[in-house]
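Asks: Sequence plus predicted model, see below.
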Amino acid sequence: MNKDIAFRMPDVTDGADIWRIVRDSGVLDLNSAYLYLLLCKDFRETCIVAEQDGRLIGFATGYRPPGREEVIFLWQIGIDASQRGQGLGKRLLGRFLRNAAAAGATRLETTISPSNAASQALFRGAARDLGTDCQVSPGFTADLFPSGHETEELYRIGPFDAAATARLPS
């Protein structure tokens, strides 16, 4: 596990690099570059990036759903190909949950397609590390998407408390 990785909130100059990581992943849904700029500007408090030697190598984007103060929703987590398999996803998730904007959240939610085994393992492992349940239920069915998109299953992890997040890697 690389120790010389810096974690911080993103700014708009990170949007293009986040877009690049998503595009190159071959697994994540690629959204417009404009959306990533908005995330880095308007939702920066609930997002985190990882950089090494001045280069963005990973990110986690999310938000607090309105009216559900107990939930923090992780929208995408992406790792540069050069860093995959080294635990950076777990570290980003840990930082995401310990971020000030996640304070008070007792549940983590995300959606994952059935074919994304790596993300499924990451979130099931996080539930285990947090000492809580991971419930999977229908999220967005394939027929809701314009075309060719898999179903997205809803993963709900919790309840947990702030002390439990300390058990996640940082």
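Replies: That came through fine.

Asks: so where's this structure uncertain?
Replies: Residue ranges of the chain with pLDDT under 70: 1-3.

Asks: Helices along that one, start to end?
Replies: With DSSP state H, the ranges of helices along the chain come out as 15-25, 33-42, 88-98, 117-130, 162-165.

Asks: what comes into contact with the second one?
Replies: What it means is helix 33-42. By C-beta atoms under 8 Å, 6 or more residues apart in numbering, the residues outside helix 33-42 that reach it are 10-16, 18-19, 22, 47, 61, 75. Bear in mind the C-beta positions are built from the backbone N, C-alpha and C, glycine included.

Asks: all strands in the chain, in order from the N-terminus.
Replies: Here the chain has its strands, by DSSP state E, at 6-8, 48-52, 55-63, 71-79, 107-112, 134-140, 152-157.

Asks: just to revisit the earlier point, same list, the contacts of helix 33-42, but as TSV with neighbour count and distance to residue 109 please.
Replies: TSV is the format used below for the contacts of helix 33-42 (neighbours: other C-beta atoms under 10 Å; distance: C-beta to C-beta, whole Å):
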residue	neighbour count	distance to residue 109
10	25	21
11	12	26
12	14	26
13	10	29
14	21	24
15	19	24
16	13	27
18	25	20
19	19	24
22	20	20
47	26	16
61	24	13
75	17	10
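
Asks: which of these sit farthest apart?
Replies: Farthest pair in the contacts of helix 33-42 (C-beta to C-beta) is 13 and 75. Separation: 19.9 Å.

Asks: Skipping its backbone neighbours, what lies nearest residue 36 in space?
Replies: Using C-beta to C-beta, 6 or more residues apart in numbering and skipping the chain neighbours, the partner closest in space to residue 36 is residue 15 (4.1 Å).

Asks: who's in contact with the nearest residue to residue 122 once chain neighbours are set aside?
Replies: Nearest residue to residue 122 in three dimensions, chain neighbours excluded: residue 89, at 5.2 Å (C-beta to C-beta, 6+ apart). Listed by C-beta under 8 Å, 6+ apart, the contact set of residue 89 reads 58, 77, 79, 118, 122.
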